[in-house]
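Undergrad: Generate coordinates for the sequence data below:
(chains A and B)
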Protein chains: 2
Amino acid sequence: MRIVALAGGIGGARFLQGLKVAAPDAELTVVVNTGDDITLYGLRVCPDLDSVMYTLGGGSDTQRGWGRQDETFRVKEELVAYDAPATWFGLGDLDMATHLVRRQMLDAGFPLSAVTAALCERWRPGARLLPMSDDRVETHVVVDDDATPGNRKAIHFQEWWVKHHAALRAHSIVAVGAETATPAPGVLEAIEAADVVLLPPSNPVVSIGTILQVKGIRDALAGKKVVGLSPIIGGAPVRGMADACLDAIGVETSAQAVGRHYGSELLAGWLVDTTDAGVTVPGVEVRAVPLLMTDVTASAAMATAALELAGV
Amino acid sequence: MRIVALAGGIGGARFLQGLKVAAPDAELTVVVNTGDDITLYGLRVCPDLDSVMYTLGGGSDTQRGWGRQDETFRVKEELVAYDAPATWFGLGDLDMATHLVRRQMLDAGFPLSAVTAALCERWRPGARLLPMSDDRVETHVVVDDDATPGNRKAIHFQEWWVKHHAALRAHSIVAVGAETATPAPGVLEAIEAADVVLLPPSNPVVSIGTILQVKGIRDALAGKKVVGLSPIIGGAPVRGMADACLDAIGVETSAQAVGRHYGSELLAGWLVDTTDAGVTVPGVEVRAVPLLMTDVTASAAMATAALELAGV
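TA: Next up is the predicted model:
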């Protein structure tokens, strides 16, 4: 069986851990959001790609929920001593090495997809990890510019998300570059060959939504069996601050609203939590199962339910 | 009193520590070699600038002889796990932060001299540190290309020095870019205003020699009171592998040969170790004093002797 999953960071990674257990023989391709990528101190940081790679490769910190196991922050503390900018971003010492290798390879002319493949030589995530695009796409958030009342400014998604904890009101969220970005090599081919496409419970705006904006990906999904899992349970995001993102695009924070936002043009099936049983999405088969990823067993059950809903 | 010193890394830094003690009220400008600078993983590493900055700022590791106090190598060990290139270079975790801040500022358009001034805001080395040039100059070493017998290849100085411990025979040493590089802002003005110019016992080929190749610097020194200290004692370099560099330019490893290599066009005075008493350099006043920098007191005595020889 060939499975394609579109994924953001932590939530996507945890679901994929379960999927690997649920379908150990499947050929799994993960198309990962790169809109959260950011250049810090000249390094290219790809939080979602690295979260999926570390998690599937067994190197993630399951306690803290992001970054590497046994991580330390010596470099970051030293950046603070320099009063450097962007110390609000948690660059760990072990994580740093990933960004250094990536910088070296990008500077040598390799596209991000080749860099990702090279990094995965070490991590062996048991799935093919593809960035959604080799082109630079960066999600920016339009917020009030306090320095000039009445004015607005666009800040990088990470600044909004990590530095400001999504507490600044987002007037809009723009994936800069997405319109002209083309899918990375292998993305469209993998979707074309897929028996099923899964949308893990990742952020529907800045993770899945950004991937869907890359030219050609939405078209490639038309006619494919696509099953999504709601990241919203009982009117609240399971993790992260997806509600602030949904507010920005005028979508209610509910399993039903997100399902309808994706809609029957994209979805064949929509899995919601048992709390949300009764949700309807016109033209889409909705099923309610427990959606809390408390451990790998729970995630595997969710993956099994998704594959069953897809009928594969 | 206004003093200018031309300096390489560790040896220069130790001498300057002594100079600050010997002439606490002097206005000291240090013009630092940047030919050893290397780009690793996209970061711009400036070993000599950082050695001088850390040492004069009280942050260097005096035991190991290079890098930062209380240094760790978590990032480097992780780069080894990635089988990354250039892991032969000892990038420490604390040191890394310096290179990240430098990268950020260079990318923002600041010249190296401005970056150095910003880094020194933290370190307060008690002297004005200037890179010899804001232009990129990189010292390369021409060695045999073992892959193709009879052929030669140029490798970066650091690869030759650190990776190969200067054990490959150097056919020549070339400061790529030096001929077109211009002195950093303030360099020529500082030399012009100086009461004395000191050449610490730094490497005469790849440290002092490289600085002297930058357009205009040698001319600016003409007519100034220049006093040098021999890095060679009793026919051997005090530290480092200066003999391999001297071999490459056909100069004998002796205090006399190095003094004569600099010559009376550059030098007014030449300090050699008591071991080398009797050395003569035509047109240059030679004096013999103990030149082993065993501690700051010894370095200060050397600096005092150099200032006395200059008559300032």
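
Undergrad: For A:G57, see how far away the residue lying closest to A:A22 once chain neighbours are set aside is.
TA: Closest residue in space to A:A22, ignoring its immediate chain neighbours: A:A303 at 3.8 Å, by C-beta to C-beta, 6 or more residues apart in numbering or on different chains. All C-beta atoms are positioned from the backbone trio N, CA, C, and that covers glycine. Note on A:A303: its distance to A:G57, by C-beta to C-beta, to the nearest Å, is 18 Å.

Undergrad: Name the residue in those two with the higher neighbour count.
TA: Between A:A303 and A:G57, counting by other C-beta atoms under 10 Å in any protein chain shown, A:A303 is the more crowded of the two (26 against 18).

Undergrad: Quick check: the more buried one is in a helix.
TA: Yes. Applying DSSP: H, G, I helix; E, B strand; the rest coil, one finds A:A303 inside a helix.

Undergrad: Give me the pLDDT value at it.
TA: We have a pLDDT of 98 for A:A303.

Undergrad: so where do the strands sit in the stretch 101-250 of chain A?
TA: Assignment of strands within the stretch 101-250 of chain A using DSSP state E, counting those that start in this stretch yields the ranges A:128-131, A:138-144, A:152-156, A:172-176, A:196-199, A:226-229, A:232-233, A:236-237.

Undergrad: Run through the helices of the stretch 151-300 of chain A in chain order.
TA: A:157-158, A:187-193, A:208-213, A:217-221, A:242-248, A:255-262, A:296-310 (DSSP state H, counting those that start in this stretch).

Undergrad: Packing partners of the fourth one?
TA: What it means is helix A:217-221. Contact here means 3 or more C-beta pairs under 8 Å, 6 or more residues apart in numbering or on different chains; DSSP states H and E; on that basis helix A:217-221 packs against helix A:187-193, helix A:208-213.

Undergrad: Now do it: everything it contacts.
TA: A:31, A:132, A:183, A:187-188, A:191-192, A:197, A:211-212, A:266 (C-beta atoms under 8 Å, 6 or more residues apart in numbering or on different chains).

Undergrad: in it, what counts as buried?
TA: A:217, A:220-221 (16 or more other C-beta atoms under 10 Å in any protein chain shown).

Undergrad: thinking again about what came up before, list the contacts of the residue nearest to A:A22.
TA: Neighbours of A:A303 in contact, by C-beta under 8 Å, 6+ apart: A:15, A:18-19, A:21-23, A:198.

Undergrad: Please tell me I have it right and A:A277 contacts A:P290.
TA: No. The criterion here is C-beta atoms under 8 Å, and A:A277 misses it with A:P290 at 11.0 Å.

Undergrad: mind listing what's buried in the strand or helix carrying A:V30?
TA: Assigned by DSSP states H and E, A:V30 belongs to strand A:27-32. By 16+ other C-beta under 10 Å, the buried positions in strand A:27-32 come out as A:28-32.

Undergrad: ok, of the residues you listed, which one's closest to A:A167?
TA: Of all the buried residues of strand A:27-32, A:V32 has the smallest distance to A:A167: 26.5 Å, by C-beta to C-beta.

Undergrad: Let me know the pLDDT of that closest one.
TA: 98.

Undergrad: is it true that it touches A:L56?
TA: No. The criterion here is C-beta under 8 Å, and A:V32 misses it with A:L56 at 11.0 Å.

Undergrad: got any residues that touch both of those two?
TA: A:L129.

Undergrad: which stretches of chain A have low pLDDT?
TA: Within chain A, no range satisfies pLDDT under 70.

Undergrad: Tell me the residues of it that contact chain B?
TA: A:40-43, A:72, A:74-75, A:78-79, A:81-85, A:93-94, A:96-98, A:100-101, A:103-104, A:106-107, A:119, A:122 (C-beta under 8 Å from any C-beta of the partner chain).

Undergrad: Of those, just the buried ones, PyMOL syntax please.
TA: This is the PyMOL syntax for the buried subset of the residues of chain A next to chain B, where burial follows 16+ other C-beta under 10 Å:
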select buried, chain A and resi 40+41+42+43+74+75+78+79+82+84+93+94+96+97+98+100+101+103+104+106+119
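
Undergrad: Tell me which of the residues of chain A next to chain B fall in helices.
TA: Using DSSP state H, the subset of these located in helices is A:74-75, A:78-79, A:81, A:93-94, A:96-98, A:100-101, A:103-104, A:106-107, A:119, A:122.

Undergrad: What sits closest to A:A84 if chain neighbours are left out?
TA: Using C-beta to C-beta, 6+ apart, the closest residue to A:A84 is B:V101 (5.2 Å).

Undergrad: Would you mind confirming that that neighbour makes contact with B:C120?
TA: No. Contact criterion C-beta under 8 Å: B:V101 and B:C120 do not qualify, at 11.7 Å.

Undergrad: How about the stretch 101-250 of chain A: which residue is closest to chain B?
TA: Closest to chain B within the stretch 101-250 of chain A is A:R103: 3.7 Å, counting by C-beta to the nearest C-beta.

Undergrad: Show me how the record splits chain A into domains.
TA: A:1-36+A:130-312, A:37-129 (automatic domain parsing).

Undergrad: out of these, nearest to B:C245?
TA: Nearest to B:C245, of the domains of chain A and by C-beta to C-beta, is domain A:37-129 at 28.3 Å.
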